[in-house]
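Asker: My questions concern the predicted model and sequence given below.
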Amino acid sequence: MRFHVFFSDRFSDNWRIFLPEDVRLITPENIEIRFYLAGLCTRGKAFFYDGFYQLLIAVGVTIVTYEFLGGYSSPFRFFAPAIAMGLNFLVFWGYHILFEVFMDGQTPGKRQFGIRVVTLDGQKIEFFPSLVRNLLRIVDFLPFGFLTGCVALMTTKNHQRLGDLFSRTMVIRETQLENLPPNLFLNPPTSKPGLDSNLKVKLDKTIVFHGRKRV
């Protein structure tokens, strides 16, 4: 499968930072499948959503742990803090891995903004690549505020942070199907000259979306 990156016309003349619009894969059958890349802002908002969900889960886990194990009559009351810390560790480190592996590359935050993690050849992400990209989140955070990750996202050709580079993954935006005619596929147009310009765009999005789902 051939791999191509098509760049937009938006770039900084001073820093020469190219911002790719999409990635196109060419299958052995010479079929083009297009993936629209997720940018820094969308990924940042999804990350903050996930952080909020993780905090809620961590608070719930802590309350339940102390409720059942932290009572004065419980023989495990001295172990409750350690158990709570261990469970919260699993929450913060296993959250992204669990959802990415079992929810087709989408955490709740990513689903909220219509993005997902896939491999560079467009396949579903597996456990080991997800593990690598999330463990390297520590490096992306350095020296503070995800500065390294943000710089990597702005300078790599596929909007990849370091975790994505080492795990060979990328984050894409899902194409939404909106306001399509109900009989679009029952009575497909036979001639291109008669197509409305807006309909052409919708048809293109439909083909791209269909290709994504069949990968």
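Answerer: Received the coordinates, thanks. Numbers count the residues shown, from 1 in each chain.
Asker: where are the low-confidence patches of this protein?
Answerer: 1-20, 70-74, 175-215 (pLDDT under 70).
Asker: Please identify the buried residues of stretch 140-151?
Answerer: For stretch 140-151, burial by neighbour count (16 or more other Cβ atoms under 10 Å) applies to 140, 146, 148-149. In short, each C-beta sits where N, CA and C put it, glycine included.
Asker: Would you mind measuring the gap between the ends of it?
Answerer: 9 Å (Cα to Cα, to the nearest Å).
Asker: which residues are contacting that stretch?
Answerer: 40, 137, 139, 152, 161-163 (Cβ atoms under 8 Å, 6 or more residues apart in numbering).
Asker: after the helix ranked longest in the chain comes which helix or strand?
Answerer: Determined from DSSP state H, the single longest helix within the chain is helix 40-69. Later in the chain than helix 40-69, the nearest helix or strand by DSSP states H and E is helix 80-102.
Asker: which helices and strands does that next one pack with?
Answerer: Using 3 or more Cβ pairs under 8 Å, 6 or more residues apart in numbering; DSSP states H and E as the contact test, the elements touching helix 80-102 are helix 40-69, helix 127-135.
Asker: can you give me the angle the shortest one makes with helix 80-102?
Answerer: Taking axes from the mean of the first three to the mean of the last three Cα atoms, to 10 degrees, helix 127-135 and helix 80-102 form an angle of 120 degrees between their directions.
Asker: Of the helices and strands packed on helix 80-102, flag the one that's most buried.
Answerer: helix 127-135 (a mean of 18; mean count of other Cβ atoms under 10 Å).
Asker: and the angle for the helix or strand hosting residue 148 with helix 40-69?
Answerer: Under the criterion of DSSP H and E, residue 148 resides in helix 147-155. With the same axes, to 10 degrees as the basis, helix 147-155 and helix 40-69 are set at 150 degrees to each other.
Asker: Would you tell me what the next helix or strand after helix 147-155 is?
Answerer: The helix or strand immediately downstream of helix 147-155 is helix 162-167, counting by DSSP H and E.
Asker: If anything else comes up later, I'll come back, but that's it for now.
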